[in-house]
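Enquirer: below are the sequence and a predicted model for it; my questions follow.
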Amino acid sequence: MKKFKDLNACISLLKEVGRGNSVDPQKRNAIEQVIAEIKKIRGKPRLQSHEVHESVRCIAETLVRAFVNND
């Protein structure tokens, strides 16, 4: 049960960030992708460790690409 509470909290925090006025469309899209990935994790009751690792990697890469300035 705690797993779902933690994932729900992550989704809520990301939605809050996405609602901000300073978030451009690219970042908002990345946030939506991350939320979709978290919902995918939440929907599977028994994930194997490699599935969790793949999802965490996907989430991290998406957020880093969106929020790190590569100028």
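Expert: Done, it's in.

Enquirer: what does the average pLDDT come to for stretch 10-24?
Expert: Throughout stretch 10-24, pLDDT has a mean value of 88.

Enquirer: wait, I meant stretch 38-56
Expert: On average, stretch 38-56 scores 89.

Enquirer: in that stretch, what counts as buried?
Expert: 38, 41-42, 47, 55 (16 or more other C-beta atoms under 10 Å). Where C-beta positions appear, they are placed from N, C-alpha and C, glycine not excepted.

Enquirer: in stretch 10-20, which residues are buried?
Expert: 10-11, 14, 17-18.

Enquirer: just the residues contacting it, thanks.
Expert: Under the contact criterion C-beta atoms under 8 Å, 6 or more residues apart in numbering, stretch 10-20 has outside partners 23, 27-28, 31-32, 34-35, 38-39.

Enquirer: closest to Lys5 among these?
Expert: Comparing the contacts of stretch 10-20 against Lys5 with C-beta to C-beta places Ile38 closest, at 12.7 Å.

Enquirer: residues contacting the helix or strand harbouring the closest one, please?
Expert: Here Ile38 sits within helix 25-43, counting by DSSP states H and E. With contact meaning C-beta under 8 Å, 6+ apart, helix 25-43 is reached by 3-4, 7-8, 10-11, 14-15, 17-18, 23, 47, 52, 55, 58-59, 62-63, 65-67.

Enquirer: before I go, just wanted to say thanks for your time.
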